[in-house]
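Colleague: sequence plus predicted model, see below.
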Amino acid sequence: MYEYFKGKLVKITPTYIVVDVANIGYLINVANPYAWSHRMNQEIEIYVHQVIREDAHSLYGFMDDAEKSLFLRLISVSGIGPKSALAIIAADDNVGLVHAIDNSDIKYLTKFPGVGKKTAMQMVLDLAGKFDATASAEMVKTAAKNENLALIEAIEALQALGYKATELKKIQKKLEAESGLTSEEYIKAALKLMMK
C-alpha cells in the first residue's frame, strides 16, 4: 500500500490528475482535480489510497491526511464505493457532512451525489460519533491556514474542557471573523456563542 506520492504534477483532467514520480506517471482519481491547477508542473505531495479490484487497480488522491481519513470512513459504509466517496468529498462540505451524520440529518445527506435515503441512514448508523478526531484536526488546520495561533489555542483549550469538535465547528466561522483576539477572549466569545 502507498501512503503518499511526491512528484511533479504533469496533467489535470476533469476526473483525475497525473503525477510523475521517478519518470512513472501515476493516474490518480481526485475529488476536485482543478483545485491542483495552481501546482501544475510543480512538485506536489498527495496522499493516496489504492483500491484493487479484479478488473482494475485504482489510485485515489487527497490534499491531506484528514481528507483521506474521511474517504476511508465513507467507503467503509455499505453502499458507498470509492467513486461515490470522491463525489461526496468533491462537494467540499466536509464539516456539513460530519455535522449531518452526527445529527442524523438524512435530508441533508441525500443532497450528496449517489446518496439515497437508505445509504444516508446507513451512513448515520455506521459513522455517527466517529468524527471528533477528524473534525478536530480539520478545525485546527483551518485556523492554522489563517495563522491564528490564539484561535488554535482556544479551540484546543475548549476541547480539553470537554467540548466536542462538532460543537466548536458550528461557531468557528464566527470566531474567525473576530481577528486580533487573545486565546482567553476567543474562549469567552466561544462560550457566549454556544450559550445562545
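Modeller: Perfect, I can see it now.
Colleague: most centrally placed residue in the protein?
Modeller: For the chain, residue 67 is the residue whose C-alpha lies nearest the centre (CA atoms, centre = their mean; 3.7 Å).
Colleague: wasn't residue 130 part of a helix?
Modeller: No. Judged by DSSP: H, G, I helix; E, B strand; the rest coil, residue 130 forms no part of a helix; its state is coil.
Colleague: ok, now which ones touch it?
Modeller: residue 73 (CB atoms under 8 Å, 6 or more residues apart in numbering). Just so you know, the C-beta spots here come from the backbone N, C-alpha and C atoms, and that holds for glycine as well.
Colleague: for the residue nearest to the centre of the chain, give me phi and psi.
Modeller: Main-chain torsions, residue 67, degrees, to the nearest 10: phi -70, psi -40.
Colleague: that one and residue 88 touch, don't they?
Modeller: No. The pair residue 67 and residue 88 does not pass the contact test of CB atoms under 8 Å, sitting 11.1 Å apart.
Colleague: over to the residue nearest to the residue nearest to the centre of the chain when sequence neighbours are not counted. Which of the three states is it?
Modeller: Using CB to CB, 6 or more residues apart in numbering and skipping the chain neighbours, the partner closest in space to residue 67 is residue 89 (6.3 Å). Applying three-state DSSP to residue 89 yields a three-state assignment of helix.
Colleague: C-terminal to the one helix or strand in the chain whose mean pLDDT sits lowest, what's the next element?
Modeller: Ranking every helix and strand in the chain by mean pLDDT, DSSP states H and E puts helix 132-145 at the bottom, with a mean of 55. Using DSSP states H and E, the next helix or strand after helix 132-145 towards the C-terminus is helix 149-160.
Colleague: now for the helix or strand following that following helix, which elements pack on it?
Modeller: Scanning forward in sequence from helix 149-160 by DSSP H and E, the next helix or strand is helix 165-177. Helices and strands in packing contact with helix 165-177 are listed as helix 94-102, helix 132-145, helix 149-160, helix 183-195; criterion 3 or more CB pairs under 8 Å, 6 or more residues apart in numbering; DSSP states H and E.
Colleague: got the domain boundaries for the chain?
Modeller: Taking automatic domain parsing as the reference, the chain has its domains at 4-62, 67-127, 132-195.
Colleague: and among those domains, the most buried is which?
Modeller: Ranked by mean neighbour count under mean count of other CB atoms under 10 Å, those are led by domain 67-127, which reaches a mean of 18.
Colleague: low-confidence ranges in the chain?
Modeller: By pLDDT under 70, the low-scoring segments of the chain are 92-93, 132-148.
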